[in-house]
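# Below is the sequence, then the predicted model.
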Amino acid sequence: MKRFVVSLSLVLTTALGAAWSSALPALAGSPEVLPEASGGRTGAAAAATPLRLMPLGDSITDGYQSSTGNGYRGPLWDELSAAGHSLDFVGTSRAGTMADPDNEGHSGWRIDQIAAIADASLATYRPNVVTLEIGTNDLGQNYQVPAMADRLNSLIDRIVADAPDATVLVGTLIISTSDQEQANRGEYDRRIPQIVAAEQAAGKHVRLVDLSSVTASDLADALHPNDRGYQKMADAFNGAVQSADNDGWIRNPVPNGGAVRSGIAGKCLDVNAGSSANGTPVQIWGCNNSDAQWWTARTDGTLRAVGKCLDATGLGTANGTKVELWDCNGGANQVWQAYNGGYRNPVSGRCLDDPAGSTADGTQLQLYDCNGTGAQKWTALQPL
């Protein structure tokens, strides 16, 4: 998986009719709505901000039914690039023929399922723009529809908390010709602008993007756009990014971590099998630039990978205490300070150690008295 400069903009995209769109300005407490025309920076504007952008959502984000598999992401990339942005699209999935197909689109997923992976993905990639398109499957599956808007609200709050420097662009639902989906959507459509308005009132960089220009003739099936529909989505998202950037909302991407290299040549700090399960051993392994070796250091002293923290097992402080991944919980056994070319756990006074300087892939790491050997040398990351 490539690592790039990220811009976080959350775009929720699903179908609304033209009548709803025309009524948007009249809604009490309506948020600022970004038009569906392609935006552009004026000649006097500052240089376009680098973007690390996470397309987040369901099969529409994945690009299902587009001829290239790129969906809106392909034309959006082209428009953002033409506007002068340096780009990195990020996420755990790859789809389509475009040069950078990374995204966080999951076919068939509902809002709650996206929320379940949001913490780990956002912590890993730290986008400064997230485009979120979500909600169609909640409606189509008739899944707890009365609470659907509340789930969206919670998801937006989670994204903003995980990526506080991000701009969040929330798109309206695109039109659908599914009777089930259409029958369920009225209250959700009404609540979306209210949710965005409340986020704005709280000082959050969240805006609404009107996607009602996607019509029934722009669909490839009952739910998914054809190439023309995806182009319209890209135009809207691009316009939203340009407007937000012109307004100074989009900040430069934060450093988002990297590999922690061992003093043992060619070895890196590694999560066994890339698993995010509590208790997963942290080990040495040949450096391979995988997500299992992508770490971030935080100002609270934690070292994080795949959404979890480096943890001394069982609050242990003795020599030989194994090191694993665990939910980040603020414990002293999850604090690591740069020390003598490596990392030291202050509460134990001991260092992150490769037992006996092993060169064997899969050797689980431990706490051990600090001794300055190569077994305790680790490259330091700049805390975020």
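Nice, thanks for sending it over.

# wait, residue 212 sits on residue 172?
Yes. With contacts counted by Cβ atoms under 8 Å, residue 212 reaches residue 172, the gap being 6.4 Å. Where you see a C-beta, it was placed from the backbone N, CA and C, and this is true even at glycine.

# And those two? Which one has more around it.
Taking neighbours as other Cβ atoms under 10 Å, residue 212 and residue 172 compare with residue 172 leading, 30 against 21.

# The more buried one reaches residue 207, doesn't it?
No. In terms of Cβ under 8 Å, residue 172 does not count as a neighbour of residue 207; the distance is 11.6 Å.

# Setting aside sequence neighbours, what's the nearest residue to residue 326?
Excluding its sequence neighbours, the residue lying closest to residue 326 (Cβ to Cβ, 6 or more residues apart in numbering) is residue 311, at 3.8 Å.

# so what secondary structure elements neighbour the top strand by length along the chain?
Assignment by DSSP state E gives strand 51-57 as the longest strand of the chain. Under the contact definition 3 or more Cβ pairs under 8 Å, 6 or more residues apart in numbering; DSSP states H and E, strand 51-57 sits against helix 73-82, strand 87-89, strand 102-105, helix 111-125, strand 129-133.

# could you check the angle strand 129-133 makes with the longest one?
Relative orientation of helix 111-125 versus strand 129-133 (axes from the mean of the first three to the mean of the last three Cα atoms, to 10 degrees): 160 degrees.

# and helix 111-125, average pLDDT?
Helix 111-125 comes out with an average pLDDT of 86.

# what's that helix packed up against?
Using 3+ Cβ pairs under 8 Å, 6+ apart, the elements in contact with helix 111-125 are strand 51-57, strand 102-105, helix 148-162.

# got the angle between that helix and helix 148-162?
Going by the same axes, to 10 degrees, helix 111-125 makes 10 degrees with helix 148-162.

# can you list contacts of helix 111-125?
6, 8, 52, 54, 56-58, 90-92, 104, 106, 130, 132, 134-135, 138, 148, 151-152, 154-155, 158-159, 162-163, 256-257, 276, 291, 294, 296, 304-308 (Cβ atoms under 8 Å, 6 or more residues apart in numbering).

# hmm, try it at 6 Å
Contact partners of helix 111-125, identified using Cβ atoms under 6 Å, 6 or more residues apart in numbering, comprise 6, 90, 104, 134, 138, 151-152, 155, 158, 162-163, 276, 306-307.

# okay, these in TSV with distance to residue 62 next?
Listed next are those as TSV, based on distance: Cβ to Cβ, whole Å:
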residue	distance to residue 62
6	19
90	15
104	9
134	12
138	17
151	20
152	19
155	18
158	21
162	21
163	21
276	22
306	21
307	21
